Each structure stands twice: as structure tokens, then as C-alpha cells.
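In: attaching a predicted model along with its sequence, questions to come.
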Amino acid sequence: MKSNKHIQRDGQEATKIFDDRSLQNDYRNLTSILKPGMKVLDVGCGTGSISKDIATIVGKNGKVTGIDNTESFILSGSESHQNIKNLELIHVDLFDFNPEEKFDLIISARVLQWLSNQKEALLKMKSLLKPNGQISILDYDHTNLDWNPSPPESMQEFYNTFLKWRQDAGMNNKIGEDLPNLLEEAGFHSIEKINSDEFYNEERIDYKSKIGIWSKVAGSLQMVEEGYLENELRLKAIEEYNHWIETKAISMTMKLNEVRGKI
């Protein structure tokens with residue numbers, strides 16, 4: 001999962017974000033293609049919170065292997081899920097992963113958005129599939145984030161700068177929309193796109209936490225250090241956005257697609 005540039009995903013805050021995810025809430029349409037006995041690879045598995053739910057479905061005759069290039073996530077997940085016998089979490093980069101056994105299904109959730117070499121990653125995943133194997137990629141179209149009502153101008157400016165920073169680094173801000181073409185270019189067939197938008201409003205217990213993701217993103221100094229953003233604006237965006245969440249926010253929709261293909 002190598003990228004020319006990326007926001008560091010390590011740290012306690014990121015670990016908690018991954019730990020809070022589940023198959024039901026954060027990869028909800030995948031269950032329709034999971035079957036007992038499957039061998040599944042989860043690329044960019046984080047702490048394995050979704051991987052562990054998949055392991056339950058594929059059962060004792062199946063196996064889930066999760067890989068991630070951030071060691072702290074793998075260590076945390078391995079400790080948390082040590083009692084799940086058909087789940088293995090490995091600290092390794094996708095491009096350095098060369099297992100003896102191939103997989104029935106490869107999944108990757110919210111990972112390609114951080115890569116500058118998305119097609120190469122898809123080709124690597126394809127090489128790890130069994131004949132007639134299937135891939136499922138879940139990712140965002142960041143160009144269509146929908147806040148209701150509009151957040152403060154400081155956060156809008158921060159977000160637009162965030163998109164420019166990503167674009168300059170070779171990351172695709174609308175990877176979720178472009179995935180069908182990318183899978184076709186990588187030689188997959190039977191491609192289907194399934195809307196998996198994330199909609200957050202006050203009916204959800206985790207509503208403020210989920211909408212608050214952009215305060216967490218703004219918590220990184222990386223764009224300031226690289227000259228994309230004044231620190232004063234970054235701090236203002238966090239303060240005003242947090243106030244907006246408490247006083248005005250109604251909902252947020254993050255555009256998300258699951259795209260599947262076969263070989």
C-alpha cells in the first residue's frame with residue numbers, strides 16, 4: 001500500500017477509528033457474497049475489526065488474512081482478536097506480500113483513496129486471486145461530500161486545500177466513481193458498482209463522532225508543514241467546525257461505492 005505521500009494513519013485516534021468499524025455498519029453490502037469456507041484477503045485491514053466479522057461468516061473451514069503496512073494497527077488487532085482462530089493479521093505492504101496460497105475473495109475498504117498507484121495495486125491484488133476469484137473495493141468520492149447545512153467557510157477552505165493536497169500527491173479524490181474503469185483497465189470483468197453512501201444524522205449514536213472526522217483530519221500538521229495551509233486557518237477550521245457540529249449540523253453524507261469485479 002505504498003504511496004508517495006500520505007497522512008500518517010498511526011496513533012491512538014486512528015486505532016480507535018478502526019476499532020469502531022464493523023462489517024454491518026461499514027461494509028454493509030459485502031455480506032451478499034460471503035460464503036462459508038471462503039479464503040478472504042483484507043488489504044489495508046487496520047486493526048481487523050471488519051476482518052473479524054468476515055471470519056465469523058466464512059466459518060472454521062474458511063480463513064481471513066488481513067494485511068496492513070502500519071505495524072501498530074496489526075499489533076493492536078492481533079491482541080484484540082487472538083481468540084479468532086481463522087483470522088490472521090500480518091504487518092506487510094501489499095506489494096511485498098507473496099503468499100503461497102491464493103484467495104477466493106480480496107477486499108479493500110477505504111484504502112485506494114490514499115494511493116498514488118491505484119492501478120498497480122489492483123493488478124497486484126488480481127495476481128493473488130484464484131481462478132474465478134472476485135475483488136471488492138470500497139471507497140469514497142471526496143468531491144461530492146454533502147454537509148447539511150454548509151459548514152463554516154474556514155472548514156470549507158480547509159477541505160478544498162485537503163483535496164488539492166491529495167491531488168498534488170497523485171491521489172484520486174473521486175476514486176469511488178472511477179473504480180469501475182480502473183477495474184476494467186486492470187482486466188476484471190462482471191464489474192458492478194453498489195452505492196454504499198455513509199449518511200450520518202442525529203438518529204445515529206455515533207453521529208457527532210462521525211461528522212467530527214474532519215476536525216480529526218485537520219488535527220494533522222502535515223499540510224501546514226508542507227506549505228499548503230496556514231496554521232491559523234487550520235486551528236480556526238477546527239474550532240468553528242466543532243461549534244457548527246454542536247449548534248447547526250443536521251447531517252453529513254459521504255459518497256461511497258463498493259465496486260466488484262471477477263477474473
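Out: On my side now, so go ahead.

In: might you report the residue contacts of the nearest residue to residue 118 once chain neighbours are set aside?
Out: Once flanking residues are discounted, residue 118 sits nearest to residue 112: 4.9 Å by CB to CB, 6 or more residues apart in numbering. C-beta: built from backbone N, CA, C; applies to glycine. Under the criterion of CB atoms under 8 Å, 6 or more residues apart in numbering, the neighbours of residue 112 are 118, 121-122, 137, 139, 172, 175, 179.

In: same check on residue 141?
Out: With contact taken as CB under 8 Å, 6+ apart, residue 141 is in contact with 173-177, 255-257.

In: looking at those residues, which are in strands?
Out: Within these, residues falling in strands by DSSP state E are 256-257.

In: let me know the closest of the contacts of residue 141 to residue 48.
Out: Each of the contacts of residue 141 was checked against residue 48 using CB to CB; the closest is residue 256, at 20.4 Å.

In: now the strands for this protein?
Out: Under the criterion DSSP E, strands of the chain are mapped to 39-43, 63-68, 87-91, 103-109, 129-140, 146-148, 189-195, 198-201, 251-254, 256-262.

In: model confidence over the third one, on average?
Out: In this case it means strand 87-91. Model confidence over strand 87-91, given as mean pLDDT, is 97.

In: try the fourth one
Out: Mean per-residue pLDDT for strand 103-109: 98.

In: now swap in the fifth one and tell me
Out: Computed over strand 129-140, the mean pLDDT rounds to 97.

In: buried ones in it?
Out: By neighbour count, with 16 or more other CB atoms under 10 Å as the criterion, the buried positions of strand 129-140 are 129, 133-140.

In: tabulate the residues you listed (CSV), appending distance to residue 188.
Out: Conversion of those to CSV gives the following (distance: CB to CB, whole Å):
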residue, distance to residue 188
129, 9
133, 10
134, 9
135, 6
136, 11
137, 10
138, 15
139, 15
140, 20
